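S.K.: my questions are about this predicted structure, shown below with the sequence.
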Amino acid sequence: MTKPLLLFVEYALGLLDDFNTVFQGEAPLLHELQPRVKKLIDNFASNFMRMNYVRSASKVDPHLTSQYMPLSGVYLGVGNYGELEKLCSGDQELVLTGCRNFYIEAILQLQKRFDFKDSFFSTIQQIIPKNVRERTPPTLQLIFSTFPTLRNACDPAKAETEWRALSLLSTEELGLQTEDELRLLSAETFWVLVLKLKSSAGLLFPNVAVVITFIFSLSYSNAIAERVFSFLKINRNDRRNCLSNDVLLGLMRTKFLMKNTQSTAATIKFPDKLIDRVQKVRANAVIVGDEF
């Protein structure tokens, strides 16, 4: 009975691990949090509940026994094909019941930890390319109502005009071939393309740029902050407790430069101007300038 359970745990925890890995990254994914959590819950629910119910339910109730599949239909992962049949009927029932209980508890815990009652989570879906092109919703009113501070950072009326113009933007202006290609882009890729567009006066969508930059700066996970604290703990230790904030900031920027350019300490390239200025300063002097 041990092997089928271990194979099931490998499958079920794999789904949770994949979900966790995505949200341990540094890409702006707050707008994907709600649909990804729902997808994970639906995935678990479809393994022991009727598909028609899972598809139609806005919020799955894992205790709704009338929608359960027969116990023999509980899915335990691809690794369990043929393994369950090696057990006696009594052990099979114990394994299937235990695995179904795992699914139920996983769904309940996810629903407890991710409460999407706040309208914010539906509002932020507005930045997805498909919704931008379809003007769903048709205005930025919900975003400005949710984040009133944006009214001080940009012109809401001009942002509204720019937002509506996005739905009329041709795919050729974004360097794409078809509308379907555009709609398949991730939100981050789409907005990188949009915010690169310029006119003779500067950015083509300056007010929308403020809104989108603000939304993408919202944190969806504490992973990034934890990495910064880990970096500080490693570099400012008992033997290096006099490091100044400027030195720590410089180390941190160098680390991220190496990561973003896939460089090592032996291959990293610094601008010639920076190298020249470093060679000319006296020991312990501060390099003043904002070119770098």
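M.R.: Structure's in. What do you need?
S.K.: let me see the ranges of the strands in the protein.
M.R.: For the chain, the strands defined by DSSP state E occupy 198-199, 202-203.
S.K.: from Asp42, how far out is the residue nearest to Gly77 when sequence neighbours are not counted?
M.R.: Residue nearest to Gly77 in three dimensions, not counting chain neighbours: Tyr11, with 2.7 Å by Cβ to Cβ, 6 or more residues apart in numbering. Bear in mind the C-beta positions are built from the backbone N, C-alpha and C, glycine included. Distance, Tyr11 to Asp42, using Cβ to Cβ, to the nearest Å: 16 Å.
S.K.: domain boundaries for the chain, per the record?
M.R.: Domain segmentation of the chain under automatic domain parsing yields 2-113, 120-216, 223-280.
S.K.: dump these into a markdown table; add mean pLDDT as well.
M.R.: Compiled in a markdown table, the domains of the chain are given as follows (pLDDT from 0 to 100):
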| stretch | mean pLDDT |
| --- | --- |
| domain 2-113 | 91 |
| domain 120-216 | 92 |
| domain 223-280 | 82 |
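S.K.: next, format these as CSV and append mean neighbour count.
M.R.: Listed next are the domains of the chain as CSV, based on neighbours: other Cβ atoms under 10 Å:
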stretch, mean neighbour count
domain 2-113, 15
domain 120-216, 15
domain 223-280, 11
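S.K.: pop out the phi and psi values for Leu197.
M.R.: With angles defined as degrees, to the nearest 10, Leu197 sits at phi -70, psi 140.
S.K.: could we number from 9 for the rest of this?
M.R.: OK, 9 is where the count begins now, so the last one is Leu205.
S.K.: the residue nearest to it when sequence neighbours are not counted: what's it in contact with?
M.R.: Closest residue in space to Leu205, ignoring its immediate chain neighbours: Leu212 at 4.1 Å, by Cβ to Cβ, 6+ apart. Listed by Cβ atoms under 8 Å, 6 or more residues apart in numbering, the contact set of Leu212 reads Glu170, Leu205, Lys206.
S.K.: now do Thr73
M.R.: Not one residue lies near Thr73 by Cβ under 8 Å, 6+ apart.
S.K.: now swap in the one 4 residues further on and tell me
M.R.: Applying Cβ under 8 Å, 6+ apart, one finds that Met77 lies in contact with Phe56, Met57, Arg58.
S.K.: from memory Leu240 sits against Leu259, does it?
M.R.: No - using Cβ atoms under 8 Å, Leu240 makes no contact with Leu259, being 9.8 Å away.
S.K.: before we move on, the earlier item: show me the one of the strands of the chain that comes nearest Ser229.
M.R.: Nearest to Ser229, of all the strands of the chain, is strand 210-211, at 29.1 Å by Cβ to Cβ.
S.K.: can you tell me the strand partners of that closest one and which way each runs?
M.R.: strand 206-207 (antiparallel) (DSSP bridges).
S.K.: do you have the helices of the stretch 159-300 of the chain handy? List them.
M.R.: 164-174, 187-191, 195-202, 214-224, 231-243, 253-268, 280-288 (DSSP state H, counting those that start in this stretch).
S.K.: just send those helices back as a markdown table, with distance to Phe152 too.
M.R.: Putting these into a markdown table (distance: least, Cβ to Cβ, whole Å) gives the following:
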| stretch | distance to Phe152 |
| --- | --- |
| helix 164-174 | 5 |
| helix 187-191 | 25 |
| helix 195-202 | 18 |
| helix 214-224 | 8 |
| helix 231-243 | 26 |
| helix 253-268 | 32 |
| helix 280-288 | 41 |
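S.K.: got a pLDDT number for Ile295?
M.R.: Per-residue pLDDT puts Ile295 at 57.
S.K.: ditto for Ala291
M.R.: Note for Ala291: predicted pLDDT of 60.
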